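J.: Whatever this is, show me its structure:
(2 chains)
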Amino acid sequence: MILADTVITYAQAIILGLLQGVTELFPISSLGHSVILPQLFGWDIHQNDDYFITFLVATHLATAIVLFFFFLKDWIRILRGLGRSLRDRGIAPDDADAKLGWLLVVGTIPAGVLGLLLEHTLRGAFASALSASIFLVCNGLLLFGAEALRRRAPQTADDDDTRIARQMSFLQSFGVGAAQAIALIPGFSRSGAAIGGGLLVGLSHKDAARFAFLLATPIIGAAAILKLPELAGAQGDGIRGQALVAALCSGATAYLAVRFLMKYFETRTLIPFAVWCVTFGGACTVYFVVS
Amino acid sequence: MNTKHPALTWIALATGIALIVLAVVYWIEPASGLPSFIPGHEAGSSHHHIKHGIAAFFVGVALLVYAWFQTGDKKQATPAT
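T.: Residues are numbered from 1 along each chain as shown, chains lettered A, B, ... in the order given. The predicted structure follows:
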């Protein structure tokens, strides 16, 4: 058995945790970066090693907890709305919380089902740093495409959740949720797919980001909780300390990232992230091919 | 049953229950014990398809919720519309 503490040091855990918190929410693929950077730094860490997947569980859980508490007031309203609609056996036309809640449920189903069924296969097939670099370029092109094709959001005085509930249909939410499954391939971004999908159905950048983060919370949290027993079991031996440190770092940067992004998307676009993905992914592709 | 689309409601109800039963089968039966027509069947394997079960369970619950909404007030919107 590989002893994890001989492979992941505390310094590496801090760097990976800080990186994970940012890249999980920025539309630049956390999985892609966690495959590429260890290879660039010459670390003997591989994406498909059991101990590394177990290590990442802790950082994902921290990100999900941060997201949940960041949007806690929204979640309380959404859960109440879901309860009201179940009680009334329908969604009242003016109940934006209930509509948003069911939009999130409908969007979570395809992402969750595809994730459960395809994660192992896709990760195994595309785990190399070279393929992650190439797909990172593709992710950048997708972000450019979403910006080019986006429908202009109507300006209304409604609050954020009401705007999303009015603008988005259940079919569109299903599509945005399914689009997130592309992030199972290292290099593609879950939040990028969700924000891009939101733009395509006519949400503003801010609303698309808000919907993407709400949609991400149950998916990231459930995936982490599903694998949490592995961290407590034999696969977590020698790695729990590093995982805890990484989780704290990840939680801190995830909080800063979501706060920054919610402000950023009030006025800005996906273009800088697209430029980063194309240039960094392109440079890494050339480097890995040459080396 | 006062439903908006009676046929769809019954189909959703039956499929939802079937998927929840399938989920339980995935959880308790190893891959070798699954009927051969069910995805995940693997002769000689002792692996349990826990994730397949979770996926089947949640889709089943979603279909039951859909059926539940279909029995509600016709004036209200539902997730299916």
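
J.: rest of the way, CA atoms for contacts and neighbours
T.: Will do.

J.: Looking at the residue in chain A positioned nearest to chain B now. What's its pLDDT?
T.: Distances between chain A and chain B by C-alpha to the nearest C-alpha are smallest at A:Arg89, namely 4.5 Å. Note on A:Arg89: pLDDT of 90.

J.: So what's the residue count around it?
T.: A:Arg89 has 22 neighbours, counted by other C-alpha atoms under 10 Å in any protein chain shown.

J.: ok, now A:Val201?
T.: Counted with other C-alpha under 10 Å, A:Val201 comes out at 21.

J.: show me the contacts for it.
T.: For A:Val201, the contacting residues are A:Arg150, A:Arg151, A:Gln167, A:Met168, A:Gln172, by C-alpha atoms under 8 Å, 6 or more residues apart in numbering or on different chains.

J.: mind showing which ranges of the chain have poor pLDDT?
T.: No chain in the question, so chain A it is. Applying pLDDT under 70 to chain A picks out residues A:1-6, A:47-48, A:153-158.

J.: Actually, chain B is the one I wanted.
T.: Chain B contains residues with pLDDT under 70 at B:1-4, B:73-81.

J.: Quick one: the helices in it, in order.
T.: For chain B, the helices defined by DSSP state H occupy B:6-28, B:50-70.

J.: For chain A, which of the ones you listed is the nearest?
T.: Between chain A and these, the tightest spacing by C-alpha to the nearest C-alpha is seen for helix B:50-70, at 4.6 Å.

J.: Pull stretch A:40-59 out as PDB, backbone CA atoms only.
T.: In PDB, the C-alpha atoms belonging to stretch A:40-59 read as follows (Å, rounded to 0.1, in the frame of the first residue of the first chain):
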ATOM      1  CA  LEU A  40       4.200  20.900 -14.100                       C
ATOM      2  CA  PHE A  41       5.800  21.000 -10.700                       C
ATOM      3  CA  GLY A  42       7.100  17.500 -11.100                       C
ATOM      4  CA  TRP A  43       5.200  16.100  -8.200                       C
ATOM      5  CA  ASP A  44       4.600  12.400  -8.100                       C
ATOM      6  CA  ILE A  45       0.800  12.800  -7.700                       C
ATOM      7  CA  HIS A  46      -1.600  11.200 -10.100                       C
ATOM      8  CA  GLN A  47      -5.200  12.100 -10.600                       C
ATOM      9  CA  ASN A  48      -6.500   8.500 -10.500                       C
ATOM     10  CA  ASP A  49      -4.500   7.400  -7.400                       C
ATOM     11  CA  ASP A  50      -7.000   6.300  -4.700                       C
ATOM     12  CA  TYR A  51      -5.300   8.400  -2.000                       C
ATOM     13  CA  PHE A  52      -5.500  11.500  -4.200                       C
ATOM     14  CA  ILE A  53      -9.200  11.100  -5.000                       C
ATOM     15  CA  THR A  54      -9.800  10.600  -1.200                       C
ATOM     16  CA  PHE A  55      -7.700  13.700  -0.500                       C
ATOM     17  CA  LEU A  56      -9.800  15.800  -2.900                       C
ATOM     18  CA  VAL A  57     -13.000  14.700  -1.200                       C
ATOM     19  CA  ALA A  58     -12.100  16.900   1.800                       C
ATOM     20  CA  THR A  59     -11.500  20.000  -0.300                       C
END
